[in-house]
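In: Kindly return the folded structure for what I paste below:
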Amino acid sequence: MKRTVKLADALITATALEHGLPIVTQDEDYDQIARAHSALRVLKV
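Out: Next up is the predicted model:
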């Protein structure tokens with residue numbers, strides 16, 4: 001299934017990648033982004 005990424009999620013992702021930080025979230029949308037960008041670390045809480 002193809003889904004679009006929300007603007008806020010894209011901005012948070014870009015910021016995390018730029019600073020080398022993980023995203024700590026309960027939001028499953030970041031799993032889709034992480035599959036497309038291997039450098040992104042997502043920590044589920």
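In: What residues does the most centrally placed residue in the chain make contact with?
Out: The centre of the chain sits closest to Y30, judged by CA atoms, centre = their mean, with a distance of 3.7 Å. Neighbouring residues of Y30 by CB atoms under 8 Å, 6 or more residues apart in numbering: D9, T13, I23, L40, V42. Just so you know, the C-beta spots here come from the backbone N, C-alpha and C atoms, and that holds for glycine as well.
In: List only buried entries from those.
Out: Neighbour-count burial (16 or more other CB atoms under 10 Å) is assigned, among the contacts of Y30, to D9, T13, I23, L40, V42.
In: In CSV: these, plus secondary structure, distance to R3 and pLDDT.
Out: Compiled in CSV, the buried ones among the contacts of Y30 are given as follows (DSSP: H, G, I helix; E, B strand; the rest coil; distance: CB to CB, whole Å; pLDDT from 0 to 100):
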residue, secondary structure, distance to R3, pLDDT
D9, helix, 11, 96
T13, helix, 14, 97
I23, strand, 17, 98
L40, coil, 16, 97
V42, strand, 16, 97
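In: After the least confident helix or strand in the chain by mean pLDDT, which helix or strand is next? Please name it.
Out: Among the helical and strand segments of the chain, the one scoring lowest on mean pLDDT, DSSP states H and E is helix 29-36, with a mean of 93. Note on helix 29-36: by DSSP states H and E, the next helix or strand toward the C-terminus is strand 42-44.
In: What is that next one packed up against?
Out: Here strand 42-44 touches strand 23-25, helix 29-36, going by 3 or more CB pairs under 8 Å, 6 or more residues apart in numbering; DSSP states H and E.
In: That strand: partners in the sheet, and parallel or antiparallel?
Out: Paired neighbours of strand 42-44 in the sheet (DSSP bridges): strand 23-25 (parallel).
In: Any regions of this protein where pLDDT drops low?
Out: 1-2 (pLDDT under 70).
In: ok, now with 50
Out: Counting by pLDDT under 50, the chain contains no low-confidence range.
In: give me the number of residues near Q32?
Out: 14 (other CB atoms under 10 Å).
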